[in-house]
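Engineer: After the sequence you'll find the predicted model.
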Amino acid sequence: MLLARYILRTHAAPFIFGTAIIMVLFLLQYIMRWVDKLAGKGLDVSTIAMFLVLNLSWIVVLAIPVGVLFSTIMAFGALTNSHEVTVMKASGVGLLRMMLPITLAGVLLWGFVFWYTDTVLPETNIRLSAMMRDIERTKPTFAVDEGQFSTYLNGITVLARHVDTNGRMRGLTIYDHTPREVRNVISADSGRLMFSPSLTRLVVQLHNGEIHQRGIRNSNEYRVIRFAGYQMTLPAENTMYQASDVTGTSRTDREMSIADMRQVVDRSGFQAHQAAISFDTSFATHMRYLFKGRTIRDTSALSHAEKIDRARALVASTRSILESDAFRHTSELAVVNKYSVEIYKKYAIPFACLLFVFVGCPMGILTKGGSFGSSALISLGFYVLYWVSMIGGEKLADRGLLSPAIAMWLGNVIIGVIAIITTLRVNAR
(Lines give C-alpha, C1' and ligand atoms only; values in the text may rest on other atoms or scores of the structure.)
Protein backbone atom coordinates (compact mmCIF):
# COMPACT_ATOMS: atom_id res chain seq x y z
CA MET A 1 0.00 0.00 0.00
CA LEU A 2 2.79 2.42 0.89
CA LEU A 3 4.59 1.53 -2.34
CA ALA A 4 1.44 2.19 -4.37
CA ARG A 5 0.92 5.56 -2.70
CA TYR A 6 4.56 6.48 -3.28
CA ILE A 7 4.41 5.60 -6.98
CA LEU A 8 1.16 7.53 -7.42
CA ARG A 9 2.66 10.53 -5.65
CA THR A 10 5.65 10.55 -8.00
CA HIS A 11 3.25 10.65 -10.96
CA ALA A 12 0.87 13.33 -9.67
CA ALA A 13 2.98 16.43 -10.27
CA PRO A 14 4.30 15.39 -13.74
CA PHE A 15 0.75 14.48 -14.82
CA ILE A 16 -0.70 17.82 -13.77
CA PHE A 17 2.23 19.71 -15.23
CA GLY A 18 2.27 17.80 -18.53
CA THR A 19 -1.50 18.04 -19.01
CA ALA A 20 -1.44 21.77 -18.25
CA ILE A 21 1.41 22.39 -20.70
CA ILE A 22 -0.41 20.55 -23.51
CA MET A 23 -3.61 22.48 -22.80
CA VAL A 24 -1.80 25.81 -22.83
CA LEU A 25 -0.01 25.00 -26.09
CA PHE A 26 -3.23 23.93 -27.79
CA LEU A 27 -5.07 27.00 -26.47
CA LEU A 28 -2.36 29.42 -27.60
CA GLN A 29 -2.37 27.88 -31.06
CA TYR A 30 -6.14 28.25 -31.24
CA ILE A 31 -6.08 31.82 -29.95
CA MET A 32 -3.55 32.77 -32.65
CA ARG A 33 -6.06 31.61 -35.26
CA TRP A 34 -8.86 33.63 -33.68
CA VAL A 35 -7.04 36.76 -32.53
CA ASP A 36 -7.97 38.70 -35.68
CA LYS A 37 -11.63 37.78 -35.31
CA LEU A 38 -11.72 38.62 -31.61
CA ALA A 39 -9.87 41.92 -31.89
CA GLY A 40 -12.03 44.99 -32.15
CA LYS A 41 -15.31 43.17 -31.47
CA GLY A 42 -15.97 44.98 -28.22
CA LEU A 43 -16.24 41.73 -26.27
CA ASP A 44 -16.22 41.95 -22.50
CA VAL A 45 -13.89 39.95 -20.28
CA SER A 46 -16.55 37.39 -19.30
CA THR A 47 -17.35 36.62 -22.94
CA ILE A 48 -13.70 36.10 -23.84
CA ALA A 49 -13.23 33.96 -20.72
CA MET A 50 -16.22 31.79 -21.68
CA PHE A 51 -14.79 31.42 -25.20
CA LEU A 52 -11.51 30.15 -23.75
CA VAL A 53 -13.23 27.79 -21.29
CA LEU A 54 -15.35 26.25 -24.05
CA ASN A 55 -12.22 25.67 -26.12
CA LEU A 56 -10.49 24.05 -23.17
CA SER A 57 -13.33 21.52 -23.10
CA TRP A 58 -12.20 19.73 -26.26
CA ILE A 59 -8.53 20.35 -25.51
CA VAL A 60 -8.70 18.50 -22.19
CA VAL A 61 -9.80 15.32 -24.00
CA LEU A 62 -6.59 15.40 -26.03
CA ALA A 63 -4.35 16.60 -23.22
CA ILE A 64 -5.12 13.97 -20.57
CA PRO A 65 -3.78 10.95 -22.54
CA VAL A 66 -0.61 12.87 -23.39
CA GLY A 67 -0.31 13.91 -19.74
CA VAL A 68 -0.48 10.24 -18.74
CA LEU A 69 2.28 9.36 -21.18
CA PHE A 70 4.47 12.26 -20.07
CA SER A 71 4.04 11.54 -16.34
CA THR A 72 4.77 7.81 -16.64
CA ILE A 73 7.92 8.37 -18.70
CA MET A 74 9.16 11.11 -16.40
CA ALA A 75 8.28 9.38 -13.10
CA PHE A 76 9.65 5.94 -13.98
CA GLY A 77 12.68 7.56 -15.57
CA ALA A 78 13.36 9.44 -12.34
CA LEU A 79 12.86 6.24 -10.32
CA THR A 80 15.36 4.50 -12.57
CA ASN A 81 17.95 7.27 -12.26
CA SER A 82 17.69 7.18 -8.48
CA HIS A 83 18.04 3.36 -8.56
CA GLU A 84 14.69 2.92 -6.84
CA VAL A 85 13.48 0.62 -9.63
CA THR A 86 16.57 -1.58 -9.03
CA VAL A 87 15.84 -1.70 -5.31
CA MET A 88 12.19 -2.63 -5.89
CA LYS A 89 13.16 -5.39 -8.33
CA ALA A 90 15.73 -6.71 -5.84
CA SER A 91 12.94 -6.83 -3.26
CA GLY A 92 10.85 -9.04 -5.56
CA VAL A 93 8.62 -6.29 -6.96
CA GLY A 94 8.32 -6.76 -10.73
CA LEU A 95 7.44 -4.16 -13.31
CA LEU A 96 3.79 -5.21 -13.56
CA ARG A 97 3.35 -4.84 -9.81
CA MET A 98 5.02 -1.42 -9.94
CA MET A 99 2.63 -0.46 -12.73
CA LEU A 100 -0.47 -1.73 -10.91
CA PRO A 101 -1.42 1.55 -9.11
CA ILE A 102 -0.77 3.55 -12.29
CA THR A 103 -2.82 1.06 -14.28
CA LEU A 104 -5.75 1.49 -11.90
CA ALA A 105 -5.40 5.25 -12.19
CA GLY A 106 -5.34 4.86 -16.00
CA VAL A 107 -8.58 2.86 -15.84
CA LEU A 108 -10.21 5.64 -13.82
CA LEU A 109 -9.00 8.28 -16.27
CA TRP A 110 -10.24 6.11 -19.15
CA GLY A 111 -13.72 6.04 -17.59
CA PHE A 112 -13.68 9.77 -16.82
CA VAL A 113 -12.55 10.82 -20.29
CA PHE A 114 -15.10 8.51 -21.92
CA TRP A 115 -17.90 9.95 -19.78
CA TYR A 116 -16.69 13.49 -20.45
CA THR A 117 -16.40 12.89 -24.20
CA ASP A 118 -19.87 11.40 -24.49
CA THR A 119 -21.76 13.62 -22.05
CA VAL A 120 -20.07 16.98 -21.50
CA LEU A 121 -18.14 17.55 -24.73
CA PRO A 122 -21.16 17.51 -27.11
CA GLU A 123 -22.85 20.23 -25.06
CA THR A 124 -19.77 22.43 -24.89
CA ASN A 125 -19.11 21.89 -28.60
CA ILE A 126 -22.56 23.11 -29.62
CA ARG A 127 -22.23 26.13 -27.33
CA LEU A 128 -18.79 26.85 -28.80
CA SER A 129 -20.10 26.58 -32.36
CA ALA A 130 -22.94 28.99 -31.58
CA MET A 131 -20.53 31.37 -29.86
CA MET A 132 -18.15 31.33 -32.84
CA ARG A 133 -21.04 32.20 -35.17
CA ASP A 134 -22.15 35.00 -32.85
CA ILE A 135 -18.64 36.45 -32.67
CA GLU A 136 -18.20 36.33 -36.45
CA ARG A 137 -21.60 37.99 -36.91
CA THR A 138 -20.77 40.75 -34.43
CA LYS A 139 -19.58 43.87 -36.16
CA PRO A 140 -16.66 45.84 -34.74
CA THR A 141 -17.55 48.43 -32.15
CA PHE A 142 -18.57 51.52 -34.10
CA ALA A 143 -15.64 53.89 -34.07
CA VAL A 144 -14.74 56.67 -36.48
CA ASP A 145 -11.16 57.03 -37.64
CA GLU A 146 -9.92 60.49 -38.39
CA GLY A 147 -9.93 61.40 -42.09
CA GLN A 148 -11.38 58.03 -43.19
CA PHE A 149 -14.80 56.88 -44.35
CA SER A 150 -16.40 54.62 -41.72
CA THR A 151 -18.97 52.18 -43.11
CA TYR A 152 -19.61 49.90 -40.13
CA LEU A 153 -23.35 50.61 -40.13
CA ASN A 154 -25.51 49.44 -43.02
CA GLY A 155 -26.53 52.38 -45.19
CA ILE A 156 -24.56 54.98 -43.21
CA THR A 157 -21.14 56.38 -44.10
CA VAL A 158 -19.40 58.79 -41.70
CA LEU A 159 -16.42 61.03 -42.46
CA ALA A 160 -14.81 62.93 -39.57
CA ARG A 161 -11.95 65.22 -40.50
CA HIS A 162 -10.74 65.48 -36.91
CA VAL A 163 -11.32 63.30 -33.81
CA ASP A 164 -9.95 64.42 -30.46
CA THR A 165 -8.96 62.22 -27.53
CA ASN A 166 -12.42 62.60 -25.93
CA GLY A 167 -14.16 61.17 -28.99
CA ARG A 168 -15.55 64.51 -30.14
CA MET A 169 -15.56 64.77 -33.93
CA ARG A 170 -15.18 67.93 -36.02
CA GLY A 171 -15.81 68.55 -39.69
CA LEU A 172 -18.44 65.82 -39.95
CA THR A 173 -20.13 64.57 -43.10
CA ILE A 174 -22.70 61.77 -42.92
CA TYR A 175 -24.06 60.04 -46.02
CA ASP A 176 -27.41 58.36 -45.39
CA HIS A 177 -28.13 55.65 -47.98
CA THR A 178 -30.92 53.91 -46.08
CA PRO A 179 -34.05 53.16 -48.18
CA ARG A 180 -36.43 56.12 -47.99
CA GLU A 181 -38.08 58.73 -50.21
CA VAL A 182 -35.19 61.20 -49.88
CA ARG A 183 -31.44 60.84 -49.76
CA ASN A 184 -29.72 62.79 -46.94
CA VAL A 185 -26.23 64.23 -46.75
CA ILE A 186 -25.57 65.78 -43.35
CA SER A 187 -22.69 68.09 -42.53
CA ALA A 188 -21.91 69.47 -39.08
CA ASP A 189 -19.19 71.42 -37.34
CA SER A 190 -18.97 68.89 -34.50
CA GLY A 191 -20.64 65.82 -33.13
CA ARG A 192 -20.38 62.79 -30.89
CA LEU A 193 -21.37 59.09 -31.14
CA MET A 194 -22.77 57.10 -28.23
CA PHE A 195 -24.94 54.08 -27.53
CA SER A 196 -28.39 54.31 -26.00
CA PRO A 197 -28.75 52.93 -22.44
CA SER A 198 -30.25 49.71 -23.85
CA LEU A 199 -27.31 49.32 -26.27
CA THR A 200 -29.81 48.73 -29.11
CA ARG A 201 -29.58 52.16 -30.74
CA LEU A 202 -26.71 54.38 -31.81
CA VAL A 203 -27.21 58.05 -30.95
CA VAL A 204 -25.48 60.71 -33.07
CA GLN A 205 -25.51 64.23 -31.59
CA LEU A 206 -24.62 66.95 -34.12
CA HIS A 207 -24.05 70.70 -33.71
CA ASN A 208 -24.21 73.58 -36.20
CA GLY A 209 -24.75 72.01 -39.59
CA GLU A 210 -26.96 71.40 -42.59
CA ILE A 211 -29.06 68.56 -43.97
CA HIS A 212 -29.13 68.34 -47.76
CA GLN A 213 -32.13 66.32 -48.97
CA ARG A 214 -32.67 65.14 -52.55
CA GLY A 215 -35.74 63.27 -53.71
CA ILE A 216 -35.23 59.75 -55.03
CA ARG A 217 -38.14 59.73 -57.46
CA ASN A 218 -38.01 63.41 -58.32
CA SER A 219 -34.46 64.62 -58.87
CA ASN A 220 -35.66 68.26 -58.94
CA GLU A 221 -36.82 67.98 -55.35
CA TYR A 222 -34.00 69.43 -53.26
CA ARG A 223 -33.92 71.30 -49.97
CA VAL A 224 -31.46 72.39 -47.30
CA ILE A 225 -32.25 72.34 -43.58
CA ARG A 226 -29.97 74.24 -41.22
CA PHE A 227 -29.74 73.33 -37.53
CA ALA A 228 -27.96 74.39 -34.36
CA GLY A 229 -28.47 70.98 -32.76
CA TYR A 230 -29.65 67.73 -34.29
CA GLN A 231 -29.85 64.16 -32.98
CA MET A 232 -29.99 60.99 -35.08
CA THR A 233 -30.88 57.55 -33.77
CA LEU A 234 -29.71 54.58 -35.79
CA PRO A 235 -30.23 50.84 -35.30
CA ALA A 236 -27.19 49.20 -33.71
CA GLU A 237 -27.85 45.66 -34.88
CA ASN A 238 -24.92 43.28 -34.32
CA THR A 239 -22.66 46.03 -33.04
CA MET A 240 -22.67 44.34 -29.64
CA TYR A 241 -22.11 40.67 -28.95
CA GLN A 242 -25.33 38.73 -28.31
CA ALA A 243 -25.30 35.07 -27.36
CA SER A 244 -27.64 32.78 -29.29
CA ASP A 245 -29.96 30.26 -27.69
CA VAL A 246 -28.76 26.79 -28.68
CA THR A 247 -32.00 25.10 -27.64
CA GLY A 248 -33.39 23.18 -30.58
CA THR A 249 -30.31 23.85 -32.73
CA SER A 250 -29.46 21.12 -35.21
CA ARG A 251 -26.31 19.26 -34.17
CA THR A 252 -23.33 17.98 -36.12
CA ASP A 253 -21.54 14.71 -35.45
CA ARG A 254 -19.20 16.31 -32.90
CA GLU A 255 -22.12 17.78 -31.00
CA MET A 256 -23.90 14.46 -30.40
CA SER A 257 -23.59 11.68 -27.88
CA ILE A 258 -22.98 8.09 -28.94
CA ALA A 259 -26.69 7.24 -28.54
CA ASP A 260 -27.71 10.14 -30.79
CA MET A 261 -25.17 9.19 -33.44
CA ARG A 262 -26.24 5.55 -33.38
CA GLN A 263 -29.76 6.68 -34.27
CA VAL A 264 -28.37 8.59 -37.26
CA VAL A 265 -26.30 5.57 -38.31
CA ASP A 266 -29.28 3.22 -38.03
CA ARG A 267 -31.54 5.57 -39.97
CA SER A 268 -29.00 6.19 -42.74
CA GLY A 269 -28.12 2.48 -42.90
CA PHE A 270 -31.81 1.64 -43.37
CA GLN A 271 -32.13 4.30 -46.10
CA ALA A 272 -29.04 2.94 -47.86
CA HIS A 273 -30.50 -0.58 -47.72
CA GLN A 274 -33.80 0.65 -49.16
CA ALA A 275 -31.96 2.47 -51.95
CA ALA A 276 -30.02 -0.70 -52.79
CA ILE A 277 -33.25 -2.73 -52.93
CA SER A 278 -34.90 -0.12 -55.16
CA PHE A 279 -31.88 -0.10 -57.47
CA ASP A 280 -31.86 -3.91 -57.79
CA THR A 281 -35.61 -4.03 -58.40
CA SER A 282 -35.55 -1.33 -61.08
CA PHE A 283 -32.56 -2.89 -62.80
CA ALA A 284 -34.06 -6.39 -62.76
CA THR A 285 -37.39 -5.10 -64.11
CA HIS A 286 -35.64 -3.33 -66.97
CA MET A 287 -33.57 -6.38 -67.83
CA ARG A 288 -36.66 -8.58 -67.96
CA TYR A 289 -38.33 -6.06 -70.21
CA LEU A 290 -35.35 -6.05 -72.58
CA PHE A 291 -34.60 -9.77 -72.83
CA LYS A 292 -38.06 -11.31 -72.52
CA GLY A 293 -39.64 -8.99 -75.03
CA ARG A 294 -42.44 -7.84 -72.76
CA THR A 295 -44.24 -4.72 -73.84
CA ILE A 296 -46.51 -2.47 -71.96
CA ARG A 297 -48.87 -1.91 -74.88
CA ASP A 298 -49.21 -2.84 -78.52
CA THR A 299 -46.77 -0.81 -80.63
CA SER A 300 -47.63 -2.34 -84.04
CA ALA A 301 -49.44 0.82 -85.11
CA LEU A 302 -46.44 3.05 -84.30
CA SER A 303 -43.91 4.12 -86.86
CA HIS A 304 -40.26 3.18 -86.57
CA ALA A 305 -39.32 6.70 -85.41
CA GLU A 306 -42.04 6.65 -82.75
CA LYS A 307 -40.80 3.28 -81.48
CA ILE A 308 -37.27 4.67 -81.25
CA ASP A 309 -38.48 7.74 -79.34
CA ARG A 310 -40.47 5.57 -76.92
CA ALA A 311 -37.45 3.31 -76.36
CA ARG A 312 -35.22 6.32 -75.69
CA ALA A 313 -37.75 7.72 -73.21
CA LEU A 314 -37.90 4.36 -71.41
CA VAL A 315 -34.10 4.10 -71.21
CA ALA A 316 -33.81 7.70 -69.99
CA SER A 317 -36.45 7.14 -67.32
CA THR A 318 -34.83 3.91 -66.13
CA ARG A 319 -31.40 5.54 -66.08
CA SER A 320 -32.72 8.46 -64.03
CA ILE A 321 -34.24 6.06 -61.47
CA LEU A 322 -31.04 3.98 -61.23
CA GLU A 323 -28.81 7.06 -60.87
CA SER A 324 -31.08 8.48 -58.18
CA ASP A 325 -31.02 5.21 -56.21
CA ALA A 326 -27.25 4.89 -56.61
CA PHE A 327 -26.66 8.47 -55.46
CA ARG A 328 -28.97 8.01 -52.46
CA HIS A 329 -27.20 4.77 -51.53
CA THR A 330 -23.76 6.40 -51.75
CA SER A 331 -24.87 9.48 -49.80
CA GLU A 332 -26.40 7.47 -46.97
CA LEU A 333 -23.31 5.25 -46.73
CA ALA A 334 -21.16 8.38 -46.46
CA VAL A 335 -23.31 9.51 -43.52
CA VAL A 336 -22.95 6.07 -41.92
CA ASN A 337 -19.15 6.20 -42.28
CA LYS A 338 -18.93 9.77 -40.99
CA TYR A 339 -20.92 9.16 -37.82
CA SER A 340 -19.42 5.72 -37.25
CA VAL A 341 -15.97 7.32 -37.25
CA GLU A 342 -17.04 9.72 -34.50
CA ILE A 343 -18.59 6.88 -32.47
CA TYR A 344 -15.42 4.79 -32.55
CA LYS A 345 -13.32 7.87 -31.87
CA LYS A 346 -15.21 8.42 -28.62
CA TYR A 347 -14.11 4.93 -27.57
CA ALA A 348 -10.57 5.02 -28.97
CA ILE A 349 -9.25 8.31 -27.55
CA PRO A 350 -10.20 7.62 -23.89
CA PHE A 351 -8.64 4.15 -24.15
CA ALA A 352 -5.30 5.84 -24.84
CA CYS A 353 -5.27 6.91 -21.16
CA LEU A 354 -4.77 3.26 -20.22
CA LEU A 355 -2.66 2.33 -23.22
CA PHE A 356 -0.06 5.04 -22.61
CA VAL A 357 0.54 3.63 -19.11
CA PHE A 358 1.93 0.45 -20.68
CA VAL A 359 4.06 2.54 -23.02
CA GLY A 360 5.35 5.21 -20.64
CA CYS A 361 6.36 3.05 -17.67
CA PRO A 362 8.72 0.64 -19.52
CA MET A 363 9.84 3.41 -21.88
CA GLY A 364 10.89 5.57 -18.91
CA ILE A 365 12.95 2.66 -17.52
CA LEU A 366 14.54 1.82 -20.90
CA THR A 367 15.51 5.40 -21.72
CA LYS A 368 16.39 6.28 -18.12
CA GLY A 369 14.61 9.57 -18.55
CA GLY A 370 13.37 11.70 -15.72
CA SER A 371 14.21 15.11 -17.10
CA PHE A 372 11.56 17.35 -18.62
CA GLY A 373 13.32 17.55 -21.97
CA SER A 374 13.75 13.84 -22.61
CA SER A 375 10.27 12.99 -21.32
CA ALA A 376 8.69 15.70 -23.47
CA LEU A 377 10.63 14.57 -26.55
CA ILE A 378 9.59 10.92 -26.20
CA SER A 379 5.98 11.93 -25.48
CA LEU A 380 5.96 14.15 -28.54
CA GLY A 381 7.17 11.30 -30.72
CA PHE A 382 4.42 8.94 -29.55
CA TYR A 383 1.85 11.74 -29.79
CA VAL A 384 2.75 12.42 -33.42
CA LEU A 385 2.66 8.70 -34.26
CA TYR A 386 -0.72 8.27 -32.56
CA TRP A 387 -2.43 11.25 -34.16
CA VAL A 388 -0.99 10.67 -37.61
CA SER A 389 -2.44 7.15 -37.46
CA MET A 390 -5.80 8.42 -36.23
CA ILE A 391 -6.10 11.35 -38.66
CA GLY A 392 -4.98 9.22 -41.60
CA GLY A 393 -7.43 6.50 -40.62
CA GLU A 394 -10.25 9.03 -40.30
CA LYS A 395 -9.67 10.33 -43.82
CA LEU A 396 -9.59 6.80 -45.24
CA ALA A 397 -12.77 5.91 -43.37
CA ASP A 398 -14.58 9.05 -44.56
CA ARG A 399 -13.74 8.05 -48.14
CA GLY A 400 -15.01 4.53 -47.58
CA LEU A 401 -11.55 2.99 -48.09
CA LEU A 402 -11.27 1.62 -44.56
CA SER A 403 -13.67 0.37 -41.91
CA PRO A 404 -14.41 3.09 -39.30
CA ALA A 405 -13.58 0.67 -36.48
CA ILE A 406 -10.19 -0.24 -37.95
CA ALA A 407 -9.48 3.38 -38.86
CA MET A 408 -10.09 4.74 -35.37
CA TRP A 409 -8.37 1.91 -33.52
CA LEU A 410 -5.35 1.76 -35.83
CA GLY A 411 -3.34 4.17 -33.68
CA ASN A 412 -4.21 2.23 -30.54
CA VAL A 413 -3.18 -1.03 -32.19
CA ILE A 414 0.20 0.38 -33.25
CA ILE A 415 0.87 1.88 -29.81
CA GLY A 416 -0.43 -1.31 -28.18
CA VAL A 417 2.07 -3.47 -30.04
CA ILE A 418 4.89 -1.18 -28.91
CA ALA A 419 3.50 -1.27 -25.35
CA ILE A 420 3.43 -5.09 -25.24
CA ILE A 421 6.95 -5.42 -26.62
CA THR A 422 8.50 -2.86 -24.28
CA THR A 423 6.59 -4.10 -21.21
CA LEU A 424 7.60 -7.73 -21.76
CA ARG A 425 11.18 -6.76 -22.47
CA VAL A 426 11.55 -4.68 -19.28
CA ASN A 427 9.63 -7.15 -17.14
CA ALA A 428 11.95 -9.98 -18.26
CA ARG A 429 15.11 -8.10 -17.26
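Structural biologist: Nice, thanks for sending it over. Numbering: from 1, shown residues only.

Engineer: What values do phi and psi take at residue 177?
Structural biologist: Its backbone dihedrals place residue 177 at phi -110, psi 20, with angles given as degrees, to the nearest 10.

Engineer: meant to ask about residue 212
Structural biologist: With angles defined as degrees, to the nearest 10, residue 212 shows backbone torsions of phi -100, psi 120.

Engineer: number of nearby residues for it?
Structural biologist: The burial count assigned to residue 212 is 14, neighbours taken as other Cβ atoms under 10 Å. Just so you know, the C-beta spots here come from the backbone N, C-alpha and C atoms, and that holds for glycine as well.

Engineer: so what's it closest to, chain neighbours aside?
Structural biologist: Closest residue to residue 212 apart from its sequence neighbours, by Cβ to Cβ, 6 or more residues apart in numbering: residue 185 at 4.5 Å.

Engineer: Tell me the secondary structure at the one you found.
Structural biologist: Three-state call for residue 185 (DSSP: H, G, I helix; E, B strand; the rest coil): strand.

Engineer: do residue 162 as well
Structural biologist: Assigned state for residue 162: strand (three-state reduction, three-state DSSP).

Engineer: same question, residue 204
Structural biologist: Using three-state DSSP, the secondary structure recorded for residue 204 is strand.

Engineer: give me the number of residues near it?
Structural biologist: For residue 204, the neighbour count with other Cβ under 10 Å is 22.

Engineer: where's the nearest residue to it once chain neighbours are set aside relative to residue 192, distance?
Structural biologist: Of all residues not flanking residue 204 in the chain, residue 232 sits nearest, at 4.1 Å (Cβ to Cβ, 6+ apart). For residue 232, the distance to residue 192 equals 11 Å [Cβ to Cβ, to the nearest Å].

Engineer: Which one's more surrounded, these two?
Structural biologist: The neighbour comparison of residue 232 against residue 192 (other Cβ under 10 Å) goes to residue 232, with 18 against 14.

Engineer: got a list of contacts for the strand or helix carrying the more buried one?
Structural biologist: If you go by DSSP states H and E, residue 232 is part of strand 222-235. With Cβ atoms under 8 Å, 6 or more residues apart in numbering as the contact definition, strand 222-235 has outside contacts at 153, 156, 174, 186, 188, 196, 200-215.

Engineer: how close does residue 190 get to residue 388?
Structural biologist: Relative to residue 388, and taking Cβ to Cβ, residue 190 is found at 62 Å.

Engineer: Over to residue 6?
Structural biologist: Using Cβ to Cβ, residue 6 is found at 36 Å from residue 388.

Engineer: Residue 149 too?
Structural biologist: In this view, residue 149 and residue 388 are 49 Å apart by Cβ to Cβ.

Engineer: Over to residue 185?
Structural biologist: Separation of residue 185 from residue 388 (Cβ to Cβ): 61 Å.

Engineer: again, but for residue 274
Structural biologist: 38 Å.

Engineer: same check, this time on residue 358
Structural biologist: Counting by Cβ to Cβ, the gap from residue 358 to residue 388 is 20 Å.

Engineer: More neighbours: the two, which one.
Structural biologist: For residue 358 against residue 388, the residue with the higher neighbour count under other Cβ under 10 Å is residue 358, and the figures read 22 against 12.

Engineer: Compute the number of surrounding residues for the closest residue in space to the more buried one that isn't next to it in sequence.
Structural biologist: Distances taken as Cβ to Cβ, 6+ apart put residue 419 closest to residue 358, at 3.8 Å, once the chain neighbours are dropped. Neighbour count of residue 419, defined by other Cβ under 10 Å: 22.

Engineer: and what of residue 327?
Structural biologist: The number of residues packed near residue 327 is 11, by other Cβ under 10 Å.

Engineer: And the next helix or strand past the strand holding residue 232?
Structural biologist: Scanning forward in sequence from strand 222-235, with DSSP H and E defining helices and strands, the next element found is helix 258-291.

Engineer: Compute the inter-axis angle for the very next helix or strand once past that following helix and helix 258-291.
Structural biologist: Next helix or strand after helix 258-291 toward the C-terminus (DSSP H and E): helix 304-367. When axes from the mean of the first three to the mean of the last three Cα atoms, to 10 degrees is applied, the directions of helix 304-367 and helix 258-291 differ by 150 degrees.
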